[in-house]
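*Asks:* Sequence first, predicted coordinates after that:
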Amino acid sequence: MARRTAPPPRLGVGVTTLHEELMHRNNLHTSSTRSWEAVSGVGWHAPTPSCLPLAAVRTLSVVIPAHNVGYCLSAVLDALEGQHHRYKFEVIVVDDASTDVTAAVAVQHPIVTTVLRIPERAGAATARNLGTALARGQTVLYLDGDMVLPPHVITDIAARATDTTVLVGFRHNLPYDLHQGGRGVLAGHPDLAADHRVVWRPPVGRPLLYTGITLDKRFDGRPLDHTRDFLDLGYGRRYVDWDLPRMVVTALVAVPRSAVLDVGGFDPEFGRIGWGMEDTYLGACLIAAGLLIIPLRQAVGFHLDPPDSDQQWRHKLASWPDTLARYWDLMRRPTPTGNSQGFLAEMTELLRSCEVLR
């Protein structure tokens, strides 16, 4: 195997890069999961009964960046309305200059508390930042606008969330011809093994996307199992093409709002460049801040492919080299911290150009 991406250099005496900081952070989360199990009597990876008495449940805001997801947004919102959660949670949809019925669907749905429309396409990172600024919950659940959740997931997350953990869910991609806009998808249960972080069969003979490693023989990977629920990805360790920040995927991930504010939110430049890595970079920042990345195996949703998924995927891959270069540039910089005030001031200014539809 040959590795193409070199580690970032040091900035100088006394200055630590984000990449270097990750080398000092473990992901030993067993005390958190065992404490939950001892207090609740429920397994960490078991769906949470809606009747379970809970002494403390963190307030939750669901932030959905949405661009041209009119074909499936109703199904996504219906699934949120059907959650078994006993407590109120807010749903914020940020329409990123859609040209279809996305905004209208969001405005009309009773589960949605806030609808914001960005007048010009800014990208998912900016949309999530705006939603985070508006959010009132202690925990922010970032959910894709094409992600349909089983009814227990919100409770699974809200009951387990803390101010020191990032809770990671999983996705089961469903081709458009099998869901046709989301109709009937919850008749079955999404399959955990459908997520690449669970069952991973990388290509042979061509560089892998993230590290540039080239495999010369078939590899049947099991990142989630082989890293013991990501425990073994601390201290900057890697599982072939995967490291701990890459496990933070905003299709379904819950984070403490205060921690996101402190690191300055998502880097909006990723949205201007193209696709990918803004969630990985946020994950790196949160890990460097001392947060633990903990998977929820029962939190799996159907990720509904659009009608033109092949075309969209080719378009995304075309921007990948520039996106990856941006990521490694940021990893060579100091670890971001103390950015809450500046972040909120920037979002307040950006909100002046947006339209509040609800």
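*Replies:* Received, thanks.
*Asks:* Kindly provide the distance from the residue lying closest to D191 once chain neighbours are set aside to G82.
*Replies:* In space, and not counting its chain neighbours, D191 is closest to H172: 5.1 Å by C-beta to C-beta, 6 or more residues apart in numbering. From N, CA and C alone the C-beta is placed, and that goes for glycine too. Counting by C-beta to C-beta, to the nearest Å, the separation of H172 from G82 is 18 Å.
*Asks:* SS state for the residue nearest to D191?
*Replies:* For H172, the assignment made with DSSP: H, G, I helix; E, B strand; the rest coil gives strand.
*Asks:* OK, contacts around it?
*Replies:* Counting by C-beta atoms under 8 Å, 6 or more residues apart in numbering, H172 touches 190-192, 194-195, 300-303.
*Asks:* which residues does it bridge with?
*Replies:* F302 (DSSP bridges).
*Asks:* quick one: it and Y281, what's the gap?
*Replies:* To Y281, H172 is 25 Å away according to C-beta to C-beta.
*Asks:* And for S40?
*Replies:* In terms of C-beta to C-beta, S40 sits 33 Å off from Y281.
*Asks:* out of the two, which sits in the busier spot?
*Replies:* Y281 (26 against 18; other C-beta atoms under 10 Å).
*Asks:* now that we have the contacts of H172, which one has the most neighbours?
*Replies:* Of the contacts of H172, with other C-beta under 10 Å as the count, F302 tops at 28 neighbours.
*Asks:* Name all residues that make contact with that residue.
*Replies:* 147-148, 171-172, 174, 179, 185-186, 190.
*Asks:* Just the buried residues of stretch 267-285, please?
*Replies:* 267-271, 273-285 (16 or more other C-beta atoms under 10 Å).
*Asks:* Go through those residues and flag which are in helices.
*Replies:* Among the buried residues of stretch 267-285, the ones falling in helices (DSSP state H) are 269-271, 273, 278-285.
*Asks:* okay, who's weakest in those by pLDDT?
*Replies:* Across those, no position has a lower pLDDT than G271, which has 89.
*Asks:* Could you report the distance from the closest residue to that one other than its chain neighbours to P334?
*Replies:* Once flanking residues are discounted, G271 sits nearest to G123: 1.6 Å by C-beta to C-beta, 6+ apart. If you measure G123 against P334 using C-beta to C-beta, the figure is 24 Å.
*Asks:* which of those two has more neighbours?
*Replies:* For G123 versus P334, neighbours defined as other C-beta under 10 Å are more numerous around G123 (23 against 13).
*Asks:* quick check, nearest of the contacts of H172 to S61?
*Replies:* G301 (17.5 Å; C-beta to C-beta).
*Asks:* Surely D322 is in contact with G274?
*Replies:* Yes - applying C-beta atoms under 8 Å as the test, D322 and G274 come out as touching, 6.4 Å apart.
*Asks:* tell me the strands in the stretch 201-350 of the chain, going along the chain?
*Replies:* Ranges of strands in the stretch 201-350 of the chain, per DSSP state E, counting those that start in this stretch, are 238-239, 242-243, 252-256, 292-304.
*Asks:* The longest one to strand 252-256, inter-axis angle?
*Replies:* I take that to be strand 292-304. 140 degrees (axes from the mean of the first three to the mean of the last three C-alpha atoms, to 10 degrees).
*Asks:* closest to G236 among the contacts of H172?
*Replies:* Nearest to G236 among the contacts of H172, with distances taken as C-beta to C-beta, is D195, at 22.8 Å.
*Asks:* which non-adjacent residue is nearest that closest one?
*Replies:* Closest to D195 by C-beta to C-beta, 6+ apart is F170, at 4.0 Å.
*Asks:* ok, the one you found - contacts?
*Replies:* 190, 192, 194-195, 197-198, 252, 295, 297, 299-301.
*Asks:* could you point out where the stretch 51-200 of the chain is predicted with low confidence?
*Replies:* 55-56 (pLDDT under 70).
*Asks:* So which residues of it form helices?
*Replies:* 73-81, 102-108, 124-134, 153-160, 176-179 (DSSP state H, counting those that start in this stretch).
*Asks:* got a list of contacts for the first one?
*Replies:* I take that to be helix 73-81. 62, 64, 66, 69, 91, 93, 102, 105-106, 109-112, 143, 145-151, 154, 179, 181-183, 185-186, 301, 304.
*Asks:* repeat that for 7 Å
*Replies:* 62, 66, 91, 102, 105-106, 109-112, 145-149, 181-182, 185-186 (C-beta atoms under 7 Å, 6 or more residues apart in numbering).
*Asks:* I'd like the distance from the nearest residue to D144 once chain neighbours are set aside to L77, if you could.
*Replies:* Excluding its sequence neighbours, the residue lying closest to D144 (C-beta to C-beta, 6+ apart) is A251, at 4.6 Å. In this view, A251 and L77 are 16 Å apart by C-beta to C-beta.
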